[in-house]
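Student: okay, predicted coordinates and the sequence, questions at the end:
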Amino acid sequence: MVSDLAPNLNLVVLLTACINPGNINSVGRRDPNNRLNDYINSLKYWLRLPRIMNIVFCENSGFDLSDIQEVIRISNPYHKKVEVLSFYGQPVHPEFGKGYGEMRIINYALEHSNIIIKESNMVMKVTGRLVVKNAKAIASAISKTDGIDIFCDLRQNLTFADSRVFCATPRFLRKYFMSFLEIMNESAGICFEDVLARAVHRAMADGLRWSMLPYAHDLRGISGTTNKYILSSRSNFIFRKLFRTVKAAVFSR
């Protein structure tokens, strides 16, 4: 199947994964078998989602990924390009938290994706156990928007970014986001969402352009922090859409 996204957009979905989190802080869903099943179910969704044709799955606990490879072999009806990357990148200090590990996953994918990320001009980073039910609509809208370097939702007076799903150019990720890697320390109150927001502001100071995601994301899955299902009821989703419409109007004035 050929993607119906605008030809100017070569988008890759980067699924970040940590199957065995060990003793990393702030992880509520720890059992590796449960987490592996989460990743398998999510990957099946992304493989069967039409139009988005490029996927990188990057895992940082050195876990055996033969089950992941098998899913790709038998559950890829659109013959998508898929790269599977694996390394051991757990933080030496568990108190740095899961966000530090996830930043290292992104950094590893940027450095070791031999084809897909090198050829892309936009990365949709998604926490790998989750699915984004309206991902195709988000990608389609982004493909019609020119000149934006980072799409993410900022909250708490623009100091906190929703990191479960955001879209960014490889340039933003390498030059701006990764420059904050070594200050990540959840025990000191500096989390992934904080440094993503800081990276956005630094990039804008250098003339890059930021936008909210074109749509409120519609997530499904189990939170790794709370070990509870992420509830996105229709009424809640509509409320968030209305709220972000007002916020977008304020930002554009």
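Tutor: In hand now; what should we look at? Keep in mind the model is a prediction, meaning the values are calculated, not measured.

Student: contacting residues for the closest residue to R209 other than its chain neighbours?
Tutor: Nearest-residue entry for R209: I148, 5.0 Å, with adjacent residues in sequence omitted and distances by CB to CB, 6 or more residues apart in numbering. No exception for glycine: its C-beta is placed from N, CA and C like everyone else's. The neighbourhood of I148, defined by CB atoms under 8 Å, 6 or more residues apart in numbering, consists of I142, R209, W210, S211.

Student: same check on K80?
Tutor: L47, I52, M53, N54, I55.

Student: pick the one among the residues you listed closest to H79.
Tutor: Of all the contacts of K80, H79 sits closest to M53, with 8.5 Å by CB to CB.

Student: mind pulling up the pLDDT for K247?
Tutor: K247 carries a pLDDT value of 56.

Student: please disregard the earlier target; I meant F243.
Tutor: F243 is assigned a pLDDT of 58 by the prediction.

Student: also the one 10 residues further on?
Tutor: Reading off the confidence values, R253 has pLDDT 53.

Student: before we move on, what about N23?
Tutor: 85.

Student: wait, doesn't it sit right on P94?
Tutor: Yes. Here N23 lies in contact with P94, judged by CB atoms under 8 Å, at a distance of 4.9 Å.

Student: these two: which has the busier surroundings?
Tutor: With other CB atoms under 10 Å as the criterion, N23 and P94 differ in neighbour count, and P94 comes out ahead with 19 against 9.

Student: need the max-distance pair from the contacts of K80.
Tutor: Among those, the pair separated by the greatest distance (CB to CB) is L47 and N54, at 11.5 Å.

Student: settle it for me: which of the two has more neighbours?
Tutor: When L47 and N54 are compared on other CB under 10 Å, the one with more neighbours turns out to be N54, at 22 against 19.

Student: tell me who's in contact with that one.
Tutor: Residues counted as contacts of N54 (CB under 8 Å, 6+ apart) are N10, L11, V12, V13, K80, K81, V82, I116, S120.

Student: try 6 Å
Tutor: Shown in contact with N54 (CB atoms under 6 Å, 6 or more residues apart in numbering): V12, K81, I116.

Student: check K133 too.
Tutor: Taking CB under 6 Å, 6+ apart as the criterion, K133 is in contact with D218.

Student: buried ones among the contacts of I148?
Tutor: Restricting these to buried positions leaves I142, W210, S211, with burial counted as 16 or more other CB atoms under 10 Å.

Student: narrow those residues to those in strands?
Tutor: Of the positions in the buried ones among the contacts of I148, W210, S211 sit in strands, assigned by DSSP state E.

Student: redo the buried ones among the contacts of I148 as a markdown table? Include pLDDT and distance to D162.
Tutor: Below are the buried ones among the contacts of I148 laid out as a markdown table (pLDDT from 0 to 100; distance: CB to CB, whole Å):
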| residue | pLDDT | distance to D162 |
| --- | --- | --- |
| I142 | 93 | 16 |
| W210 | 97 | 13 |
| S211 | 95 | 13 |
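
Student: redo the buried ones among the contacts of I148 as TSV? Include distance to T226.
Tutor: Supplementary listing: those in TSV, determined by distance: CB to CB, whole Å:
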residue	distance to T226
I142	29
W210	29
S211	29
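
Student: wait, which of the buried ones among the contacts of I148 is closest to S179?
Tutor: The shortest gap between S179 and any of the buried ones among the contacts of I148 belongs to W210, at 16.2 Å (CB to CB).

Student: and that closest one, how far is that from N157?
Tutor: Note on W210: its distance to N157, by CB to CB, to the nearest Å, is 15 Å.

Student: related to what we said a few turns ago, emit the PyMOL select command for whichever of the contacts of N54 are buried.
Tutor: For selection in PyMOL, the members of the contacts of N54 meeting the burial criterion (16+ other CB under 10 Å) are listed in this command:
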select buried, resi 12+116
